[in-house]
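# sharing a model prediction with you, sequence too.
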Amino acid sequence: MDMDWTLFGATLYLACGGAVFLIGVLILHENAGSRLHRISAAMLFFGGFGPVLLGLGRLLSLGGASSIAAPDLIVAFSYIWELFFPSLLLFALVFPKERAVLRRVRGLWWMLYIPYLFHVAFVLLLGGTGAAIADFDVRAPMGSTGGIGSLVNLIAGLFGVAVRQLARVHIRFFSFVDLVTIFLAIALLAGSARRTRAPKIRRQLRAILFGLGSCVGIYAVAVPLPTLFRVDTPEALRGILLTASLVLGTGSIAWAVVRTSFLDLGAVIRRAILFSGTSGVMVLVFFLTARQIDDSLIRQTGRDVPIFQTLFLVLAVVFFQPIMGRIEQSVDHIVSGDRAAHRVVLRRLGRELTAILDLDRLAETVGRSIRDALALESVRLLLRQRGGGYTVAGGDGNGGGALADDHPLMDRISRLHEPSRAADLLGEIGDEDARSEAEEAVRRLGARLIVPIQLPDDGGCIGFLALGPKVTGGRFNAEDAMLLSILSTQVGIAVRNAAMHEEAVARRIVDEELALARSIQESIVPRRSLAVPGVDVAALNLPSRQVGGDYYDLIPIDGGGLGIAVGDVSGKGVPAALLMSMLHAALHVQINGSFETGRLMERLNRILFQSTSTEQFATFFFGVYEPAGGAFRYTNGGHNYPVLLKEDGRIVSLREGGLVLGFSDGIRYDQARVVLEPGDLAVFYSDGVTEQEGEGEEQFGEERLFETVRRHRREKAGRIVQEVVDGVARFAGTDRFADDFTLIVLRASGEGGA
């Protein structure tokens, strides 16, 4: 029975050591060029060396190999496995990111191994030499029991005892060194787990900390602590502790690899590890069960029963297949952890992206989700702008600048439909200057992988994701590429929705601005013509859009006079409406009972110049009519020339004044005076009346305007205004004019007067 348990323990040690070796080989094979992968593989190789030697030692002792000193030789070489401890400390210094101390202290990585190499050499060489000297006896060769032979023998024996004592002290001291190394490694890994922002790396660190911490902790209780404090540990207890240590250490590393994709090992490799491990356990259970039943039958029958062994083997084969099938399903479920995590990312992003309509927030959400899912250092989303070029949306450190549409890098990215390594894209650029420009862009973006964002239905490339390196320095695998391919489609749809929403919001804002501007304009422009004794006046304003730039006003003046203002402000929408409101308010304040139209215009010009930008100005005409004497004083600030249609058919243009308002400070404006005889008509208009185009792009023009007014000069002012509107509409072929339409007609007292 003891032999069976010894065999079980030896088999378990070999299995655990072999599993650790296998994982180390797979990690090294995955990315041998990575320092992290090499150090991880070395840690596993040295860690697996101990249980393998321990298992071989037990197997050799069962086979009676002690006579050839094989177990002693294995025990001597087992000290080599202690190189696991500097490898563990070095692993803690490079995972998940290489610490600055390794860059500042050159050669630190191999300096950590020097004490342990010396320790192994001391134990192997001096320990063996001391034992040989202790057994040295010169009496037989010299054939004498006394004299110099006895002295040499005594000296050699004493020297051997001293060497062995020195070896014991050295081993005890190195047990303390092992404990310090373990403590430092665990502390470094725990600090990394607290600081890291990537959930994936945090899960890996927790799994490794639990396994390695438990492993080395139990090992410390089993070996270094008893050695350091000279405590005799029962062999059975030490075996149990060592077994638990090996199982926890091996299991945690395997779990980190299989479940959390430690070091980004591919699904095929993780599946092989898990399937091999579970199959090995099944075979071990089968072997031990068969061995126990076989021993029980031999004790009961007194002889070997081969027929039972054959029957048991047949039954095992029958039941082994369905069991292995179930194991394979479980393996696939466990290995699918990354795929499940990716599905969670896709589902969460799918829900979030449909509700995010702000491009900056969208970029931030996408970047954070991908960065956390793949443990990346940076993620940047570059989107195509309306004015051309691609710029970084959202914020993630340095933006990396913008790329023009004809940038060499964009020329390659626009043709992509799947994620591609940035190095591969650069390699496709043949021109040296273009490649240098693309390399500079890749460097600024910190890109290792480029994921194009193509709209469905051949909508073209609207941007791309620039993914930085992984925190661990690993490569992007097939699972990553699948996630990013699906995600890029979702991002493309979300970006299009966000852009459409942004346009809708912009249109709504414009509509609100136009409604506000319209309300401002309606509050300024008179709703109906004024009734002034001795004057027949009518006015009409038709904005070409919701808000126009034309302004007119009819202002009663003390003493029965009438102020007439007509103008055209620059711009459209709310800015134009505000400028119009400012002009309206300034006009009403500055009139102040004064009929000096030139001085009034100078004050208005100064107000507009000081209160507006250089792009804002207004053409403006203002005059005051006195019905009692028919005098009309006016000043024209760059507006279309109003005209007087005299009773005798003559036309008088009202030109005197100065430049447009708000263009320059200190402008002098002249005032002029004319007299309106009974029956004379004054016509004030904006360029929307005369510049309206008909067929062949011919304009309505001043001649047609004046001719229309002449034909209907005997009618009331309101009727004349309507005839002009109808004439312009017939000429243009539409009643919706291309520009703002403003017309004022004033008839002096006489026939047709009020």
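Now that the structure is in, tell me what you want to look at. Numbering: from 1, shown residues only.
# helix, strand or coil: sort out Gly649 for me.
coil (DSSP: H, G, I helix; E, B strand; the rest coil).
# can you check the pLDDT for it?
Per-residue confidence (pLDDT) for Gly649: 82.
# which residue is the nearest non-sequential neighbour of it?
Arg710 (7.7 Å; C-beta to C-beta, 6 or more residues apart in numbering). The way it works is simple: take the backbone N, C-alpha and C, and place the C-beta from them, glycine included.
# go ahead and confirm the one you found touches Leu645.
Yes. Contact criterion C-beta atoms under 8 Å: Arg710 and Leu645 qualify, at 6.7 Å.
# neighbour count winner among those two?
Leu645 (20 against 14; other C-beta atoms under 10 Å).
# the more buried one against Leu676, yeah?
No. Using C-beta under 8 Å, Leu645 makes no contact with Leu676, being 10.3 Å away.
# overlap of the contact sets of those two?
Ala682 (C-beta atoms under 8 Å, 6 or more residues apart in numbering).
# tell me if the residue nearest to Gly649 really is in a strand.
No. Applying three-state DSSP, one finds Arg710 to be helix, outside a strand.
# how near is it to Asp670?
According to C-beta to C-beta, to the nearest Å, Arg710 and Asp670 sit 29 Å apart.
# equivalent analysis for Ala363, please.
60 Å.
# so for those two, which residue has more residues nearby?
Ala363 (26 against 14).
# and the helix or strand where the more buried one lies, what's its mean pLDDT?
Per DSSP states H and E: Ala363 is located in helix 359-374. Averaging pLDDT along helix 359-374 gives 82.
# please apply the same query to stretch 430-443.
Stretch 430-443 comes out at a mean pLDDT of 89.
# could you do stretch 703-720 as well?
92.
# for it, the distance to its chain's centre please.
In terms of C-alpha atoms, centre = their mean, to the nearest Å, the gap separating the centre of stretch 703-720 from the centre of its chain is 69 Å.
# now what about it, what contacts it?
529, 536-538, 643, 645, 649, 651, 681, 683, 685, 689-690, 723-724, 727, 731, 745-747, 751-752.
# buried stuff in that stretch?
Arg704, Leu705, Phe706, Thr708, Val709, His712, Arg713, Glu715, Lys716, Ala717, Ile720 (16 or more other C-beta atoms under 10 Å).
# quick check: what element follows the helix holding Ala363 along the chain?
strand 379-384.
# now the angle between helix 359-374 and that following strand, please.
In terms of direction (axes from the mean of the first three to the mean of the last three C-alpha atoms, to 10 degrees), strand 379-384 departs from helix 359-374 by 140 degrees.
# what's the helix or strand just after strand 379-384 packed up against?
Per DSSP H and E, strand 379-384 leads on to strand 390-393 as the next helix or strand towards the C-terminus. Judged by 3 or more C-beta pairs under 8 Å, 6 or more residues apart in numbering; DSSP states H and E, the packing partners of strand 390-393 are helix 359-374, strand 379-384, strand 460-467.
# flag every buried residue along the first one.
Meaning helix 359-374. Here helix 359-374 shows 359, 362-367, 369-374 as buried, counting by 16+ other C-beta under 10 Å.
# for that helix, what is the distance to the chain centroid?
4 Å.
# what is it packed up against?
helix 199-222, helix 337-355, strand 379-384, strand 390-393, strand 460-467, helix 478-524.
# show the contacting residues for Leu102.
Leu93, Val94, Leu108, Trp109 are the contacts of Leu102 under C-beta under 8 Å, 6+ apart.
# what is the nearest of those residues to Leu600?
Closest approach between the contacts of Leu102 and Leu600, by C-beta to C-beta: Val94, at 82.1 Å.
# tell me how far the closest one lies from Ala207.
Distance from Val94 to Ala207, by C-beta to C-beta: 17 Å.
# repeat that for Gly18.
21 Å.
# count of neighbours near Val497?
Residue 497: Asn, not Val. Neighbour tally, Asn497, other C-beta under 10 Å: 15.
# and the closest residue to it other than its chain neighbours, helix, strand or coil?
Distance criterion C-beta to C-beta, 6+ apart; nearest residue to Asn497, sequence neighbours excluded, is Leu357 at 6.7 Å. Secondary structure for Leu357, judged by three-state DSSP, is coil.
# can I assume Leu357 is in contact with Ala499?
No. Using C-beta under 8 Å, Leu357 is not in contact with Ala499, being 9.3 Å away.
# can you list the low-confidence ranges for the stretch 501-650 of the chain?
By pLDDT under 70, the low-scoring segments of the stretch 501-650 of the chain are 514, 517-518, 520-525, 527-531, 545-548, 572-574, 592-595.
# which of the contacts of stretch 703-720 fall within helices?
Using DSSP state H, Val689, Thr690, Glu723, Val724, Gly727, Phe731 are the members of these that sit in helices.
# returning to what we had before: the helices and strands packed on strand 390-393: which one's closest to Ala506?
helix 359-374 (12.7 Å).
# run a quick neighbour tally on the residue nearest to Asn497.
Neighbour tally, Leu357, other C-beta under 10 Å: 17.
# can you tell me how far it is from Ile201?
For Leu357, the distance to Ile201 - C-beta to C-beta - is 32 Å.
# need the nearest residue in space to Val231, chain neighbours excluded.
Leu225 (7.2 Å).
# roughly how far is the strand or helix carrying the one you found from the heart of the chain?
Using DSSP H and E, the element containing Leu225 is helix 224-229. In this view, helix 224-229 has its centroid 51 Å away from the chain centroid, taken as C-alpha atoms, centre = their mean.
# which elements pack onto it?
helix 148-195.
# quick one: mean pLDDT over the helix it packs on.
Rounded mean pLDDT across helix 148-195 is 74.
# among the buried residues of stretch 703-720, which pair sits farthest apart?
Arg704 and Lys716 (20.9 Å).
# show me the residue at the heart of this protein, geometrically.
Per C-alpha atoms, centre = their mean, the C-alpha nearest to the average position across the chain is that of Gly367, at 2.0 Å.
# looks like that residue contacts Leu376 (just checking).
No. Using C-beta under 8 Å, Gly367 makes no contact with Leu376, being 9.0 Å away.
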